[in-house]
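1. Could you work out the structure for the sequence below:
(one chain, ligands or ions: 1)
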Amino acid sequence: MWRTCDRSILAPYHLLREHGRMEVHYGVLDGVEVAEPRLTDGVVTLRLAQAGDRAAVAAMDEDAEIRRWVEYRLTPWEEAGNEIAYLQMMWSLRQGVLFTILVDDELAGLIEVEFRHPRTARVHYRVRRELRRRRLATRALRLVSDWVIDELGLNRVEVWAHGGNVASQGVADRAGLRREGVLRQATGFDGSEAHDKVYFGRLANDPRPPPLKP
Ligand SMILES: CC(C)(COP(=O)(O)OP(=O)(O)OC[C@H]1O[C@@H](n2cnc3c(N)ncnc32)[C@H](O)[C@@H]1OP(=O)(O)O)[C@@H](O)C(=O)NCCC(=O)NCCS
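-> Prediction:
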């Protein structure tokens with residue numbers, strides 16, 4: 001089944017984000033049996049975000065870089081609770097998933113996957129300020145990309161990065177997604193200031209990215 005609807009009907013989270021009408025994509029995982037995912041490469045572990053993560057997520061989100069690059073309208077505490085609840089619901093509908101990035105059993109960041117038609121997963125990520133530049137986001141995006149392609153059988157993993165967000169683009173590049181192009185001076189769907197959007201993608205039949213260099 002493939003249809004779109006107003007996401008704000010489904011969850012107050014997006015109503016509160018004032019994004020207005022957004023598309024929700026049904027059917028991307030139809031027919032795919034998905035075990036509850038827990039992914040690890042031995043350094044980072046990804047597990048489903050849960051209500052108990054809320055305080056750690058809210059503390060992480062007090063960071064200026066996160067507030068700059070990730071769109072917010074609420075306080076971090078409200079936003080963290082809404083985001084986790086919303087994406088738990090999306091996972092129950094198999095429309096998206098929010099993973100907590102764990103290092104030594106502590107929350108190091110979040111990585112979110114939206115399942116989109118046609119057979120595409122769009123990914124967003126953030127890492128606690130004090131743990132940056134250790135390739136944690138790169139590792140998380142690699143794990144998610146492999147899971148989406150190898151386990152879920154989707155065709156495409158993509159990242160849309162703000163033209164000014166060098167760190168986000170670096171993560172997509174290091175994780176083995178190909179830089180596909182720039183949408184110049186594009187406007188966000190929420191009417192935000194026009195800015196360049198840089199597109200990265202990995203297709204199921206692209207060569208696998210080489211292992212991370214130490
Ligand atoms: C973007 C973000 C998740 C990166 O997390 P991270 O774990 O520090 O990233 P990595 O260590 O995996 O970096 C991978 C590459 O990105 C680039 N990079 C990362 N941070 C960078 C920075 N501050 N400046 C320049 N390049 C940077 C580098 O090329 C790096 O590779 P290298 O280590 O081989 O040089 C983190 O900076 C963050 O949470 N930012 C705020 C939220 C955000 O912008 N999210 C993305 C948009 S939603």
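2. contacts and neighbour counts: CA atoms only from here.
-> Noted.
3. Which strand in the chain has the most residues?
-> Assignment by DSSP state E gives strand 106-116 as the longest strand of the chain.
4. could you give the angle of whatever helix or strand comes next after it to strand 106-116?
-> Downstream of strand 106-116, the next assigned helix or strand under DSSP states H and E is strand 120-127. Counting by axes from the mean of the first three to the mean of the last three C-alpha atoms, to 10 degrees, strand 120-127 lies at 160 degrees to strand 106-116.
5. Output the below-cut-off pLDDT ranges for the protein.
-> 1-27, 73, 188-191 (pLDDT under 70).
6. ok, 50 please
-> Along the chain, segments meeting pLDDT under 50 span 1-22.
7. coming back round to it: the longest strand of the chain and the ligand, are they touching?
-> No. Using C-alpha under 6 Å from any ligand atom, strand 106-116 never reaches the ligand; the gap is at least 7.4 Å.
8. Now do the contacts for Glu112.
-> 96-99, 123-125 (C-alpha atoms under 8 Å, 6 or more residues apart in numbering).
9. try Leu110
-> By C-alpha under 8 Å, 6+ apart, the residues touching Leu110 are 98-101, 125-127.
10. restrict those to those near the ligand?
-> 125-127.
11. Would you mind putting those residues into CSV with distance to Leu152 and neighbour count alongside?
-> Output for the ones next to the ligand among the contacts of Leu110, formatted as CSV (distance: C-alpha to C-alpha, whole Å; neighbours: other C-alpha atoms under 10 Å):
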residue, distance to Leu152, neighbour count
Tyr125, 20, 22
Arg126, 23, 21
Val127, 25, 23
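12. Closest one to Leu203 out of the residues you listed, please.
-> Lowest distance from Leu203 to those (C-alpha to C-alpha) belongs to Tyr125, with 19.3 Å.
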